[in-house]
Each structure stands twice: as C-alpha cells, then as structure tokens.
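# build me a structure from this.
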Amino acid sequence: MESGPVVKTMALIEALAGQSAPLGLADLAASCGISRPTTHRLLQLLKRLGYVDGVARGSYQLTDKLRHLAIGVDERSLVRCATPILQALRNDSRETVNLGVLKRDRVCYLAVLESSHALRRAANPGETDPFYCTALGRVLAAALPQPRRRDLLAACELTRRTPRTVIDPDSLSAILEEVHRAGYAVEQDQTDLGVTCLSAPVLQEGRVIAAVSISAASARLDDAKIQKLVGRVRHAARQISAEVSQLSDRDENRS
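Got it, this is the predicted structure:
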C-alpha cells in the first residue's frame, strides 16, 4: 500500500505544492523516489484531470484546481444562492433556465427551472449531456487551459446528437476558443433539433465553477431576441458570481 499509485500520486502533488517554481521530471522522480516512467505517467494523468500544467522544458506545476477544491462552494450552497437569480431570469425570459457544472466530459445539471411554454426542452437535476454540443458545456470547457481542452476533446467520444452537431475536433477547438474570447456561448439545434441554448460562466475568484443557460424553442427566437437573452443570461451569471464571492468571504471569516 505504501508504494501504491495513490501514494505516489499524492507524493508528486506534495512535491509540487512545496515549490514556488516548476519542477522538472527528473527532479520530481528523484525527490519522490519514483521511477521516471511512472512519474511521467502519473503527471500526464494529473494533467488530463486539470491538476497539473506542463510548462517550458518539461517542467511541471500545480494548477489552482486543488486550492479551489479545498475552498470552493459546494454544489448545494451554489444552488441555494443561485436559485433566486435563476427564478428571476426564468420569469423575465419566460424560458427554461439551467445551472450546470462540468464533470469529466459531461455537463451535470444542478438546477432546472422550466418554462411555462408548452414547447420547451428541459432536463432534470442530476441528468447529464455531452459537453461539446451544449452551450453550458462549451462555456465550461472554454474556461480550461488549451492543453486541457485538447485532452478533453481527445478523450471524449464525439457523436452526433442531431444532423447539425459539430463533431470535428478542430472545429470544436475553434468554437471553444471563440466562446472563451466572447465570454458566452450560443448553440442552435446541436443537442436537440428545434432548441437553442445560450450560456454564460459563473466565476469564483476568477475561475469558472459553473454556468447558467437559457433553453428556448428556436422558432421563438430571432437574432435580436438571441442577443437580448445573451445579455440577460450574462447578467444573471455575474449576479451569481457575486453571491458566490460573498458566500466564500463569509465562510473564510467564520474560519
């Protein structure tokens, strides 16, 4: 047990956490007493999971993901502080509103507030969809470092949900880059025919932790209405981000 993969992985994390500068493969292997091939394999796994970044000349450093796991807002608290804002967004837009997070290569819906329209698309809390064809998933994936985006696309089985679903990795990479630049995503008819989704990110200390979306029947939308809803969903996402920040500040003050 003392030489198992979990122990070796934690040894690498502790070695990286104890340094202010990136460490090379050879130094990490020597300091942890692990062979270079095993060290390299474990580091590549940590990179794919988003806990480690590779930097120049084969050196490695921790990302902020571990720190945010330790101090981050739990999902129940996130839903609780987001719900009044989601309700206002649903009432204002009269469309279905969603809150989701990225879990591996899928979007998990934490909250779904359905539209009163007879024609609507709604998931249930706890259900998942592929990240690559949903506005929620694209916002969440676009926030990842580019190497992590590439790994996510490479590891994911890209299949068509509709005839309009984009499954070409290069095209998806370009879409994610544009979403990252714009700060929001619009997806039409790629998860379900006849449904348009618009999404914006929720941030905690500058890091995207969730996303908000509006789902509406494409027949009810034109370009002007889409842009209006984009503004509303981005405003709601900023409001939730502010609530999350205040929640984190209160938790730190109590500790």
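# contact partners for the nearest residue to residue 59 once chain neighbours are set aside?
Spatial nearest neighbour of residue 59, excluding adjacent residues (Cβ to Cβ, 6 or more residues apart in numbering): residue 22 at 3.7 Å. Yep, even glycine has a C-beta here, placed from its N, CA and C like the rest. Counting by Cβ atoms under 8 Å, 6 or more residues apart in numbering, residue 22 makes contact with 55, 59, 60, 61.
# quickly name whichever of those residues is closest to residue 168.
residue 55 (29.3 Å; Cβ to Cβ).
# now the closest one. Its backbone dihedrals?
Per-residue torsions, residue 55: phi -120, psi -170 (degrees, to the nearest 10).
# any idea how far residue 62 is from it?
Distance, residue 55 to residue 62, using Cβ to Cβ, to the nearest Å: 11 Å.
# got any residues that touch both of the two?
By Cβ under 8 Å, 6+ apart, no residue touches both residue 55 and residue 62.
# compare those two (neighbour count), which wins?
Comparing residue 55 with residue 62 by other Cβ atoms under 10 Å, the one with more neighbours is residue 62, at 18 against 13.
# so this protein: which segments form each domain?
The chain breaks down by automatic domain parsing into domains covering 5-63, 70-254.
# let me have the ones you listed in JSON lines, extended by mean pLDDT.
Listed next are these as JSON lines, based on pLDDT from 0 to 100:
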{"stretch": "domain 5-63", "mean pLDDT": "87"}
{"stretch": "domain 70-254", "mean pLDDT": "90"}
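# tell me the most buried of these?
With neighbours taken as mean count of other Cβ atoms under 10 Å, the domains of the chain reach their highest mean count in domain 70-254, at a mean of 18.
# residues touching stretch 76-90, excluding its own?
Applying Cβ under 8 Å, 6+ apart, the contact partners of stretch 76-90 are 73, 96-97, 99, 110-111, 113-115, 202, 209-210, 212, 214, 232-233, 236, 239-240, 243-244, 247.
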